[in-house]
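Asks: Structure of the sequence below:
(chains A and B)
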Amino acid sequence: MEEAGSVGIVETKYLTFAEPPSELVLECGRPLGPITLAYETYGELNAAKDNAILIVHALSGDAHAAGYHHSGDKQPGWWDIMIGPGKAFDTRKHFVICSNVIGGCQGSTGPSSINPQTGRPYGLSFPIVTVRDWVNTQKVLIDHLGIEQLLCVAGGSSGGMQVLQWVVTYPDRVRLAIPIATTSKLSAQAIAFDEVGRQAIQSDPNWREGDYYGKTVPRRGLAIARMIGHITYLSERSMHQKFGRKLQDKTAYGYNFLTDFQVESYLRYKGDHFVKRFDANSYLYITKAMDYFDLTQSYGSLEKAFAGVQAKFLVISFSSDWLFPTYQSKEIVSALRRVHAYVIFTEIQTDYGHDAFLLESEQLSSLITNFLSHGWNQKS
Amino acid sequence: MGGITEEIRLDETGTVVRLTSEHQLIIGLIEEGARVMDLGCGEGDLLLALKVLKKVRAEGIELSEACIQACVAKGVLSVHHGDLDEGLADYPDKSVDYVISTNTIQVLHRPMVLIREMARVGKRCIVSFPNFAHWLVRLQLLLKGRMPKTEKLPYEWYETFNIHLTTITDFRGFCRKAGLRVLREIPLRAASSGTCTEVKFLPNLRADTAIFILEAAKPPTG
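Replies: Below is the predicted model:
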């Protein structure tokens, strides 16, 4: 799998820390330990250790951001279009790191992990985690890798929230920040969609208050949650262009409640596919962390939150994103400008909605490439 | 938007920028290390030149996504994708030394709102615009009875961005009405080889472009 532009075969690594009695105290006040972070790295850390880029993933992402896990692997990492030799995050120049968030289910400690005190999966006894907890655990990893200052932290959606939290919590540890399609606080509408997703999971009889490990998993509930989520990631226009009213494998209406339309089939496929790789409880924990994220509430005002930032920013929104609309990026930009940070802001014209950050985009790639190269050169 | 541009190599970085003669004149007006904002900064050439030549802290606002991409490619590290007709609400009073607007005020829907915003945010404003009272413009209307087209105003009436064209005399009155004091007027006319010269005699007739240096006449209210 030695194709141009790919980082090739990669391996997920693990870092375990916060062993009892030195547990990490989370924002909710509860201790958690030991904590394992699954992470991957691409490219080489240079001798000065100043070429490291931390990629932070969104709701359903994981540590596997680029490359393939084995030679027969058909599915590359979730941001493979952006990470690799000659790509926006160029692994010939940069050392790229991506780790799975805690509360997740892709190798980092989460509700499906075994609680060492009970020998059984945590389930709902897992403490509530927040975006700040995610960032604090990522910082342990960065310290472990011996990196004093990250060249860049970048991510979209709830990844963008982590970017903002990084520059606020560790202002001297980040030189360049790229929050994409994100917000400084989740809107009521987005919280509402998250809640509908959680309700779908929690009302699945197989959910059993989160205690379903080793039994039948609440796959219907999780699949519905994913279907709802997926609608919010697309735009009305992109759905229309992709599916219109086209029928699935038939030429006339069935006059029943089986699948008629392609869009139904697509959503069902997305839901079913998601259930195979994702844990329902993790969906609850991660969406809750997103819901709680509010820099204004945490720091008094957005300006106060950003008062000490040192990073230079590239803030990007997408014109058809109605889940994290452009005005929310503009709020971030306004506050950053009021504290005299260097900010590049642009809204990319696209029909692809919120998901645009995961799709191939010449504009997005060249913005990031140029921002990194000039930010790299201008060390002031 | 019209006007002769010249490619200039900025010595230190090797970056090439394209500047009009009025850009070059404006660069000469800015002190070293000033804070500068360029409204309608286009592809960022003036900002980059100011950053390299005058070590200014530069930021731009631009409506076009393609221009923002070009700015970032050139290394402008502060540029905002925004509509000037929405004002400058993000910026505190007197937060920059110079607010510059070259060849832009005439394309705005609400020039009065923006010029007041410029005077609020900037200690000084530098505004350039094409002079619609230039004799060539007058003659075309007078003799041919047609909408004028010149080097500075190259568009057909039905596709021009210039919806609020003005003259030097009108602009003076406009500034007074907006509560701005004119510190200096620099009427310019194109000279040979892409340069321009200041017009001393009959400026409103002979200048094709004007640069005004302005400041708020009184402290902003409210």
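Asks: now stretch A:49-57: how far from the chain's centre is it?
Replies: Here stretch A:49-57 is found 15 Å from its chain centre; the criterion is CA atoms, centre = their mean, to the nearest Å.
Asks: Pull the residues that contact it.
Replies: A:43, A:45, A:63, A:65, A:78-79, A:83, A:89, A:93-98, A:100-101, A:134, A:138, A:142, A:145-155, A:159, A:162-163, A:166, A:372 (CB atoms under 8 Å, 6 or more residues apart in numbering or on different chains). The way it works is simple: take the backbone N, C-alpha and C, and place the C-beta from them, glycine included.
Asks: Quick one: residues contacting the residue minimising distance to the centre of chain A.
Replies: In chain A, the residue lying closest to the centroid (CA atoms, centre = their mean) is A:Ala58, at 1.4 Å. The contact partners of A:Ala58, taken as CB under 8 Å, 6+ apart, are A:Gly155, A:Gly156, A:Ser157, A:Ser158, A:Gly159.
Asks: Could you check how many residues crowd around the closest residue in space to it that isn't next to it in sequence?
Replies: Setting aside the residues directly before and after it, A:Ala58 is nearest to A:Ser157 in space (CB to CB, 6 or more residues apart in numbering or on different chains), at 3.9 Å. Residues contacting A:Ser157 under the criterion other CB atoms under 10 Å in any protein chain shown number 28.
Asks: gap between A:Ser157 and A:Leu59?
Replies: A:Ser157 sits 7 Å away from A:Leu59, going by CB to CB, to the nearest Å.
Asks: And the one helix or strand B:Glu22 maps to, what's buried?
Replies: Using DSSP states H and E, B:Glu22 sits in helix B:21-29. Buried residues in helix B:21-29, counting neighbours by 16 or more other CB atoms under 10 Å in any protein chain shown, are found at B:Ser21, B:Glu22, B:His23, B:Gln24, B:Leu25, B:Ile26, B:Ile27, B:Leu29.
Asks: ok, so what distance separates the residue nearest to A:Ala58 from A:Val56?
Replies: Here A:Ser157 is placed at a distance of 10 Å from A:Val56 (CB to CB).
Asks: same check, this time on A:Gln75
Replies: In terms of CB to CB, A:Gln75 sits 20 Å off from A:Val56.
Asks: Could you list the contact residues of chain B toward chain A?
Replies: B:59, B:65, B:68-69, B:71-73, B:75-82, B:89-92, B:95 (CB under 8 Å from any CB of the partner chain).
Asks: In PyMOL, how would I select the buried members of these?
Replies: Buried members of these, defined by 16+ other CB under 10 Å, are picked up in PyMOL with:
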select buried, chain B and resi 59+65+68+69+71+72+73+75+76+77+78+79+80+81+82+90+91+95
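Asks: Go through the residues of chain B next to chain A and flag which are in helices.
Replies: B:Glu65, B:Ile68, B:Gln69, B:Cys71, B:Val72, B:Ala73 (DSSP state H).
Asks: what does the average pLDDT come to for the helix holding B:Glu22?
Replies: What helix B:21-29 shows for mean pLDDT is 93.
Asks: And the helices in the chain?
Replies: Defaulting to chain A. Remark: helices assigned in chain A by DSSP H are A:131-144, A:158-169, A:188-202, A:219-233, A:236-242, A:262-277, A:280-292, A:295-299, A:302-306, A:326-338, A:362-377.
Asks: To clarify, I was referring to chain B.
Replies: Under DSSP H, chain B gives helices at B:21-29, B:45-54, B:65-74, B:111-121, B:135-139, B:168-178, B:203-206.
Asks: quick one: contacts of the lowest-mean-pLDDT helix or strand in chain B?
Replies: Ranking every helix and strand in chain B by mean pLDDT, DSSP states H and E puts strand B:5-9 at the bottom, with a mean of 81. Strand B:5-9 is contacted by residues B:Thr15, B:Val16, B:Val17, B:Arg18, B:Leu19, B:Thr20, B:Ser21, B:Gln24, B:Ala49, B:Gly194 when judged by CB under 8 Å, 6+ apart.
Asks: which intervals of chain B have sub-threshold pLDDT?
Replies: B:1-4, B:11-13, B:193, B:219-222 (pLDDT under 70).
Asks: Now do A:Ala63 against A:Val56, distance only.
Replies: Counting by CB to CB, the gap from A:Ala63 to A:Val56 is 11 Å.
Asks: Pull out the buried residues from the worst-scoring helix or strand of chain A on mean pLDDT.
Replies: Scoring the helices and strands of chain A by mean pLDDT, DSSP H and E places helix A:362-377 at the bottom, with a mean of 91. Neighbour-count burial for helix A:362-377 flags A:Gln363, A:Leu364, A:Leu367, A:Ile368, A:Thr369, A:Asn370, A:Phe371, A:Leu372, A:His374, A:Gly375, A:Trp376 (criterion: 16+ other CB under 10 Å).
Asks: ok, and which of those residues reach chain B?
Replies: Okay, of the buried residues of helix A:362-377 touching chain B (CB under 8 Å from any CB), that's A:Gln363, A:Leu367, A:Asn370, A:Phe371, A:His374, A:Gly375.
Asks: can you pull the contacts of A:Leu372?
Replies: Residues counted as contacts of A:Leu372 (CB under 8 Å, 6+ apart) are A:Ile53, A:Ala88, A:Phe89, A:Asp90, A:His94, A:Leu151, A:Cys152, A:Leu176.
Asks: I meant B:Leu25, not that one.
Replies: Contacts of B:Leu25 (CB under 8 Å, 6+ apart): B:Ile186, B:Leu188, B:Cys196, B:Ile211.
Asks: Out of the residues you listed, flag the one nearest to A:Ala18.
Replies: Lowest distance from A:Ala18 to the contacts of B:Leu25 (CB to CB) belongs to B:Ile211, with 62.7 Å.
Asks: Just to check, the closest one is in contact with B:Val127?
Replies: Yes: contact criterion CB atoms under 8 Å: B:Ile211 and B:Val127 qualify, at 7.2 Å.
Asks: Next, the buried residues of whichever strand in chain B runs longest.
Replies: Longest strand in chain B, counting residues (DSSP state E): strand B:180-190. By 16+ other CB under 10 Å, the buried positions in strand B:180-190 come out as B:Leu180, B:Glu185, B:Ile186, B:Pro187, B:Leu188, B:Arg189, B:Ala190.
Asks: how about the residues of chain A near chain B?
Replies: A:312, A:314, A:330, A:333-334, A:337-338, A:340, A:342-349, A:363, A:366-367, A:370-371, A:374-375, A:377-378.
Asks: Just give me the neighbour total for the closest residue to chain B within the stretch 51-200 of chain A.
Replies: Closest residue of the stretch 51-200 of chain A to chain B, CB to the nearest CB: A:Leu176 (9.7 Å). By the criterion of other CB under 10 Å, A:Leu176 has 24 neighbours.
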